[in-house]
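Participant: Below: sequence and its predicted model.
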Amino acid sequence: MSLIFTPLGIRGIFGESFTAMDALRIGNAFGSILGEGSEVVVGMDTRQSSPVILKAVIAGLNSAGVDVINLGVVPTPTIEWAVDYLDADGGVVVSASHNPPEWNALKLLGKRGIIIRPEETEEVRKLYEKGSFYNSSWSSVGKEEHADVIPEYIATIERLVDIESIREAKIRVVLDPNGGAGIFVTPYMMRDLGTELTTINSVPGVFSRELEPRPESLVTLSNVTRSLGASIGFAHDTDADRLTIVTEQGEVMPEDVSLALVVDAILRELKGGTVVVNIASSKMFDDIASRYGARIIKVPVGEVYVAHKMVEVKADVGGEGSCGGVIYPKFHYGRDGPFAAAKILERMAKEGKKISQLISDLPRYHIIRFDIKTKVDWENTKKKLEKIAKERGMMVNDMDGIRMDEESGWFLIRESKTEHKIRVVIEHKNKEEAENLRKEILRIISE
Ligand code: MG
């Protein structure tokens with residue numbers, strides 16, 4: 001297997017498909033595109049392979065005459081914010097996010113910390129595959145300096161929420177950063193916000209549970225939250241751009257609930273506005289937008305599409321419902337777990353409600369998600385689905401796979417961008433209808 005280039009990042013298994021040599025060449029390719037004299041912010045998660053990959057990336061950038069500001073181990077959103085804060089020309093994040101420990105990945109950022117466009121990733125890939133290596137002269141080789149931006153990053157989040165209300169509420173919080181980079185930010189922010197905090201799985205680089213913060217993997221967080229009588233539990237993935245919520249009753253919420261709570265708060269404050277979500281996001285985002293007369297725009301799955309659309313339409317908030325990532329442009333254009341946590345605490349404090357109450361105020365649907373690993377005759381499937389759309393009067397959107405909507409439900413069938421499989425999402429107000437749709441889809445695909 002070779003290194004995988006996707007519009008969302010460049011990834012592989014350390015020592016197999018992704019080596020320090022690859023990181024050196026990609027760092028150099030990216031640096032040569034930015035040009036001599038540019039400045040790039042870098043940082044990494046807590047994976048065992050991350051320091052080696054980061055050193056190689058820095059050597060590649062420096063060789064191309066690019067200066068590097070190294071933030072060390074920090075969450076991905078901290079790097080994204082810092083590119084803008086330090087007025088750098090770009091950034092490199094070393095983290096495989098929620099992928100298993102043997103994986104690592106590079107996320108390349110442009111100006112303002114925004115993930116680079118797919119065509120820019122393509123340019124990096126071409127240089128990498130050509131094997132070209134740009135060497136600046138001895139006198140213009142890049143420098144590396146270190147910076148600690150965490151205190152200012154936390155202070156910036158605190159300026160974006162009503163810190164006094166949160167402090168007064170003294171909320172009992174349990175945090176599960178699962179040994180990820182969030183350890184170096186979220187607990188400090190929580191203490192400063194006056195919460196009574198218990199942190200579990202807090203040894204950097206020790207991943208005690210599955211890395212993806214899904215309900216199935218958050219049993220300990222659920223148990224600890226309930227048994228301590230805490231008001232809320234939060235979980236991150238290893239780079240802390242994602243946030244999953246556990247209620248005071250220990251119920252682990254689907255990840256889009258975090259985004260929905262924040263979107264609802266921001267559109268309410270603005271009495272409208274614009275929200276951008278991906279095509280796989282719940283219909284509850286349409287319902288929330290219509291509550292406040294806000295505009296909702298949908299894009300293909302992938303943070304890169306959400307972020308660039310948000311810039312284009314000057315969106316007020318957005319994100320990827322499917323993975324609980326909140327993007328708030330007043331802060332920066334990446335998904336930010338610590339910010340989302342602070343905003344949710346603000347809601348609990350200001351509205352004086354339990355997290356379970358805030359969640360029950362959200363429009364909810366019965367949701368079914370599943371993957372199909374067999375080969376699918378995509379063209380044929382599409383034709384059959386379009387026929388059903390006509391019969392049932394459903395609206396069809398084919399920007400990424402095929403999504404069909406009716407008044408009280410919808411479904412999406414799309415090819416995964418990162419794995420060889422077909423992903424299906426079904427949502428309906430009526431549980432039985434959701435189940436009927438599932439059977440119908442399986443029948444069509446298997447025909
Ligand atoms: Mg992540």
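Facilitator: Yep, that arrived. All values reported here derive from a predicted model rather than from experimental measurement.
Participant: Return the set of residues that bridge with N397.
Facilitator: On the basis of DSSP bridges, N397 is bridged to R403.
Participant: Report pLDDT for it.
Facilitator: What the model reports as pLDDT for N397 is 91.
Participant: From the ion, how far off is the nearest residue to S217 once chain neighbours are set aside?
Facilitator: Take S217 and drop its neighbours on the chain: the residue closest to it by CB to CB, 6 or more residues apart in numbering is E210, 3.8 Å away. Yep, even glycine has a C-beta here, placed from its N, CA and C like the rest. E210 is 13 Å from the ion, where distance means CB to the ion, to the nearest Å.
Participant: Could you give the number of residues near E210?
Facilitator: 14 (other CB atoms under 10 Å).
Participant: What of the one 4 residues further on?
Facilitator: Applying other CB under 10 Å, we find 17 residues neighbouring R214.
Participant: got the contact list for it?
Facilitator: R214 is in contact with T244, E255, counting by CB atoms under 8 Å, 6 or more residues apart in numbering.
Participant: What of R423?
Facilitator: R423 makes contact with A280, R369, F370, D371, G401, L412, I413, R414, E415, S416 under the criterion CB under 8 Å, 6+ apart.
Participant: Report the buried members of these.
Facilitator: For those, a burial check counting by 16 or more other CB atoms under 10 Å picks out A280, G401, L412, I413, R414.
Participant: Which residue is the nearest non-sequential neighbour of the third one?
Facilitator: Closest residue to L412 apart from its sequence neighbours, by CB to CB, 6+ apart: R403 at 4.3 Å.
Participant: So what's the residue count around that neighbour?
Facilitator: For R403, the count of nearby residues is 21 (other CB under 10 Å).
Participant: swap in P215?
Facilitator: Neighbour tally, P215, other CB under 10 Å: 15.
Participant: before we move on, what about V299?
Facilitator: V299 - counted by other CB under 10 Å - has 23 other residues nearby.
Participant: Any idea what it is bridged to?
Facilitator: Beta-bridge partners, per DSSP bridges, of V299: N278.
Participant: Quick check: it vs S290, distance?
Facilitator: Separation of V299 from S290 (CB to CB, to the nearest Å) stands at 19 Å.
Participant: Up against the ion, what does the stretch 151-300 of the chain have?
Facilitator: The stretch 151-300 of the chain comes close to the ion at residues D237, D239, D241, as judged by CB under 5 Å from the ion.
Participant: Alpha carbons only: can I get the lowest-mean-pLDDT helix or strand in the chain in CSV?
Facilitator: Every helix and strand in the chain was compared by mean pLDDT, DSSP states H and E; the lowest is helix 378-392, with a mean of 86. Taking C-alpha atoms only, helix 378-392 is exported to CSV below (Å, rounded to 0.1, in the frame of the first residue of the first chain):
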residue,chain,number,x,y,z
TRP,A,378,-23.2,2.8,-8.9
GLU,A,379,-24.8,3.9,-12.2
ASN,A,380,-27.5,1.2,-12.1
THR,A,381,-28.2,2.0,-8.4
LYS,A,382,-28.5,5.7,-9.2
LYS,A,383,-31.0,5.0,-12.0
LYS,A,384,-33.2,2.9,-9.7
LEU,A,385,-33.1,5.4,-6.9
GLU,A,386,-34.1,8.2,-9.3
LYS,A,387,-37.1,6.2,-10.3
ILE,A,388,-38.2,5.9,-6.6
ALA,A,389,-37.6,9.6,-6.2
LYS,A,390,-40.1,10.3,-9.0
GLU,A,391,-42.7,7.8,-7.5
ARG,A,392,-42.5,9.3,-4.0
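Participant: so where's the stretch 251-400 of the chain uncertain?
Facilitator: Counting by pLDDT under 70, the stretch 251-400 of the chain shows no low-confidence range.
Participant: one more time with 90, if that's ok
Facilitator: By pLDDT under 90, the weakly predicted segments of the stretch 251-400 of the chain are 254-255, 320-325, 364, 369, 371-392, 398, 400.
Participant: List the buried residues in stretch 283-300.
Facilitator: 283-289, 292, 294, 296-300.
Participant: I'd like these laid out as TSV, including secondary structure.
Facilitator: Below are these laid out as TSV (DSSP: H, G, I helix; E, B strand; the rest coil):
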residue	secondary structure
K283	coil
M284	helix
F285	helix
D286	helix
D287	helix
I288	helix
A289	helix
Y292	coil
A294	coil
I296	strand
I297	strand
K298	strand
V299	strand
P300	coil
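Participant: Pull up the gap between the residue in the chain positioned nearest to the ion and L193, please.
Facilitator: Residue of the chain nearest the ion, by CB to the ion: S97 (3.2 Å). According to CB to CB, S97 and L193 sit 25 Å apart.
Participant: Tell me the residues of the stretch 1-150 of the chain that contact the ion?
Facilitator: S97.
Participant: quick one: low-confidence parts of the stretch 1-150 of the chain?
Facilitator: Along the stretch 1-150 of the chain, segments meeting pLDDT under 90 span 1-2, 7-8, 132.
Participant: And the strands in it?
Facilitator: Remark: strands assigned in the stretch 1-150 of the chain by DSSP state E, counting those that start in this stretch are 4-6, 9-13, 39-44, 67-73, 90-94, 103-109, 144-146.
Participant: so how many other residues sit close to V424?
Facilitator: 21.
Participant: Over to S49?
Facilitator: For S49, the count of nearby residues is 22 (other CB under 10 Å).
Participant: Same question for K439.
Facilitator: By other CB under 10 Å, 9 other residues sit near K439.
Participant: Please identify the buried residues of the helix or strand hosting it?
Facilitator: Applying DSSP states H and E as the criterion places K439 in helix 431-446. By neighbour count on 16+ other CB under 10 Å, the buried set for helix 431-446 is E433, A434, L437, R438, I441, I444, I445.
Participant: wait, doesn't Y365 sit right on V425?
Facilitator: No: using CB atoms under 8 Å, Y365 is not in contact with V425, being 10.5 Å away.
Participant: Mark which of the contacts of R423 are part of strands, please.
Facilitator: The members of these that map onto strands under DSSP state E are R369, F370, D371, L412, I413, R414, E415.
Participant: re earlier: need the contact list for the residue of the chain closest to the ion.
Facilitator: For S97, the residues meeting the contact criterion (CB under 8 Å, 6+ apart) are D45, T76, A105, L211, D237, T238, D239, D241, R242.
Participant: which non-adjacent residue is nearest the fifth one?
Facilitator: Once its chain neighbours are removed from consideration, D237 has its nearest residue in H98; the separation is 4.1 Å (CB to CB, 6+ apart).
Participant: Kindly report the same for the last one.
Facilitator: Nearest in space to R242, with sequence neighbours left out and distances taken as CB to CB, 6+ apart, is G324 at 5.0 Å.
Participant: what does D400 give?
Facilitator: Excluding the flanking residues, the one nearest D400 by CB to CB, 6+ apart is P300, at 3.5 Å.
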